[in-house]
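Enquirer: Predicted structure and sequence below. I'll ask about it afterward.
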Amino acid sequence: MAGIGFELRRLLRKETLLGFIEAYAYAGIIGSGPWVFSIVGILLIGILSVSFVVPAFLVTQFQTSVTYLVVSSVVLTGLVQLAFTRFVADRLFEKKRNLILPNLHGLLLVVVTVAGLFGTLCLFVLLPGLGLIYRLLMLAGFVLLCGIWIHTVMLSGMKRYKAIAILFGISYSLIVLSSLWLRRYGLEGLLGGFVFGNFVLLAGMWVMIAREFSTREKLISLEFSERKLFYPTLIAVGFLYNLGVWIDKFMFWYFPPTSEQIIGHLRASLIYDLPVFLSYLSIIPGMAVFLVRIETDFVEYYEKFYDAVRGGGSLEYIESMRDEMVYSIQQGLGEIAKIQTLAVLVTFVTGPALLRALDISELYLPLLYVQVIGAGLQVGLMAILNVFFYLDQRRIVLVLCIEFVLLNALLTAFTLWFGAALYGYGFTLSVLITLCTGLVLLSRQLSRLEYETFMLQ
């Protein structure tokens, strides 16, 4: 598949300071753009609407509603995201491009049906007695987001990161503008703007994919659901990884001492949520390094290694490419560690001023520091998992995701029981332990790479 690596290599080939800055800035924008646009967009709506939406608490209800829509849709579609990406990759390898669009339509039909039924049930369980328009907008937003995550992972598999970032930028600009225009209608107006912008985003993604894989064959196909073409491990991994990332937030939301009811049965943790959102903005540099290193050095030697295996290259050359792969991984993880350490130090220095600028109590500082460290470690974990995916070690990824979920749940429960002094340490320690486990398993896997490539296929 056409990769962003071509563009990054072109910039890096200049071997100038400007070329390096351009490459890393480009990677940072396309790698982190979507969630930065999302976070900044929702925060802007809240900041600019407080003085217009009466009562002001409706803005908090809007942000909480959107948070639940995003989290629930990500976790639900995690069941099919990775599995369908693998299905598409396999069909492209077989040069059966004509099967991709009909199967995307088939998957969307299944996802929309399940999301519609699940969302309708949640309207009665979580949002009883609330206005009909609000509940219908919540259902529409949930279904749209489920479709968006399917299209996002599809475009990511095609390495269309730039297109994803541009589409998210345009759509969240529309969300901000339309929400501000409709804010006089209160909560329903803000939510209506959110739904409209996401409809535009979904439509834009579908047009891009349809143009790439246009076909005159049947419109809908469910071939992706055939047992021989589906990978149960990827279904589990997609669900468990997203659950692992969010399970500590759920626990803080529904632990009475750390949360409060916002709307219906939806709860939020003011003490936990703000530091979490701010901490994820600190990983933009780490994501840029991650994308540059994975899409340039590692992928280049990875392709040469397996091309040599398939093409009958000499053992000396194959071992040389394996060594280069290992070195590129070491360099990439080392650079991620350096840049995220710098981000942590910057946060420690600027944290008080940042909280004061946002009119947030400095009592949040210890939690912010811990969350920034945890977010930085998560970038390293994502890099490790990505390498395992390239090596097709799905069972190892599954083991790591199970470990992540269990540790995050258990350690977070312990911190909630112990008290505020340890808040945030559950997530950070769970990521750290899982990352260390992944490093040990990756080292062992790379040392056995030639044996497994030749003897276990």
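Expert: Arrived safely.

Enquirer: use CA for all of it now, contacts and neighbours both
Expert: Noted.

Enquirer: quick one, strands of the stretch 251-400 of the chain?
Expert: 260-263, 266-268 (DSSP state E, counting those that start in this stretch).

Enquirer: Tell me which of these lies nearest to Pro352.
Expert: Closest approach to Pro352 among the strands of the stretch 251-400 of the chain is made by strand 266-268 (23.5 Å; C-alpha to C-alpha).

Enquirer: For the closest one, give the mean pLDDT please.
Expert: For strand 266-268, mean pLDDT is 92.

Enquirer: Equivalent analysis for stretch 84-104, please.
Expert: pLDDT averaged over stretch 84-104 gives 87.

Enquirer: what's in contact with that stretch?
Expert: Identification of contacts with stretch 84-104 by C-alpha atoms under 8 Å, 6 or more residues apart in numbering yields 1, 153-154, 157, 209-210, 213-215, 217-224, 229-230.

Enquirer: if we can go back for a sec, let me have the strands of the stretch 251-400 of the chain in JSON lines, adding distance to Gly244 and mean neighbour count as columns.
Expert: Shown next, in JSON lines, are the strands of the stretch 251-400 of the chain (distance: least, C-alpha to C-alpha, whole Å; neighbours: other C-alpha atoms under 10 Å):
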{"stretch": "strand 260-263", "distance to Gly244": "23", "mean neighbour count": "17"}
{"stretch": "strand 266-268", "distance to Gly244": "18", "mean neighbour count": "22"}
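
Enquirer: Need those in JSON lines (columns: distance to Ile396).
Expert: Below are those laid out as JSON lines (distance: least, C-alpha to C-alpha, whole Å):
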{"stretch": "strand 260-263", "distance to Ile396": "38"}
{"stretch": "strand 266-268", "distance to Ile396": "34"}
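
Enquirer: pLDDT weak spots in the chain?
Expert: Within the chain, the segments meeting pLDDT under 70 span 1-15, 19-20, 22-37, 50-51, 53-54, 156-159, 161, 455-457.

Enquirer: hey, which helix is longest across it?
Expert: helix 315-357 (DSSP state H).

Enquirer: Tell me which other helices or strands that one touches.
Expert: helix 284-293, helix 299-311, helix 365-390 (3 or more C-alpha pairs under 8 Å, 6 or more residues apart in numbering; DSSP states H and E).

Enquirer: Between helix 299-311 and it, find me the angle.
Expert: On the basis of axes from the mean of the first three to the mean of the last three C-alpha atoms, to 10 degrees, helix 315-357 is oriented at 150 degrees to helix 299-311.

Enquirer: Next, the angle from helix 315-357 to helix 284-293.
Expert: Helix 315-357 and helix 284-293 meet at an angle of 160 degrees, taking the same axes, to 10 degrees as the criterion.

Enquirer: tell me how far helix 315-357 is from the chain's mean position?
Expert: Distance, stretch centre to chain centre, for helix 315-357: 19 Å (C-alpha atoms, centre = their mean, to the nearest Å).

Enquirer: quick one: that helix to helix 365-390, angle?
Expert: If you take the same axes, to 10 degrees, helix 315-357 sits at 160 degrees to helix 365-390.

Enquirer: hmm, back to that, buried by neighbour count, from the contacts of stretch 84-104: which ones?
Expert: Buried members of the contacts of stretch 84-104, counted by 16 or more other C-alpha atoms under 10 Å: 153-154, 157, 209, 214, 220-221, 223-224, 230.

Enquirer: which one of those sits closest to Phe239?
Expert: Using C-alpha to C-alpha, Val153 is the member of the buried ones among the contacts of stretch 84-104 that sits closest to Phe239, with 13.8 Å.

Enquirer: Run through the residues that contact that closest one.
Expert: 81-82, 85.

Enquirer: thinking Asn408 is in contact with Leu432, fair?
Expert: No - the criterion here is C-alpha atoms under 8 Å, and Asn408 misses it with Leu432 at 10.5 Å.

Enquirer: more crowded one of those two?
Expert: Of the pair Asn408 and Leu432, Asn408 is the one with more neighbours under other C-alpha atoms under 10 Å, namely 26 against 19.

Enquirer: distance of that one from Met251?
Expert: Note on Asn408: its distance to Met251, by C-alpha to C-alpha, to the nearest Å, is 10 Å.

Enquirer: same thing with Pro366?
Expert: Look at Pro366 and Met251: by C-alpha to C-alpha, they are 19 Å apart.

Enquirer: just to revisit the earlier point, in helices, which of the contacts of stretch 84-104 appear?
Expert: 153-154, 157, 209-210.

Enquirer: Show me which of the residues you listed is closest to Ile133.
Expert: Nearest to Ile133 among the ones in helices among the contacts of stretch 84-104: Val153, at 30.4 Å, using C-alpha to C-alpha.

Enquirer: quick one, which of the strands of the stretch 251-400 of the chain is nearest to Leu58?
Expert: Among the strands of the stretch 251-400 of the chain, the nearest to Leu58 by C-alpha to C-alpha is strand 260-263 (9.2 Å).

Enquirer: So which other helices or strands are in contact with the closest one?
Expert: Using 3+ C-alpha pairs under 8 Å, 6+ apart, the elements in contact with strand 260-263 are helix 57-93, strand 266-268.

Enquirer: 7 Å instead?
Expert: Helices and strands touching strand 260-263, as assessed by 3 or more C-alpha pairs under 7 Å, 6 or more residues apart in numbering; DSSP states H and E, comprise strand 266-268.

Enquirer: Fine by me, thanks again.
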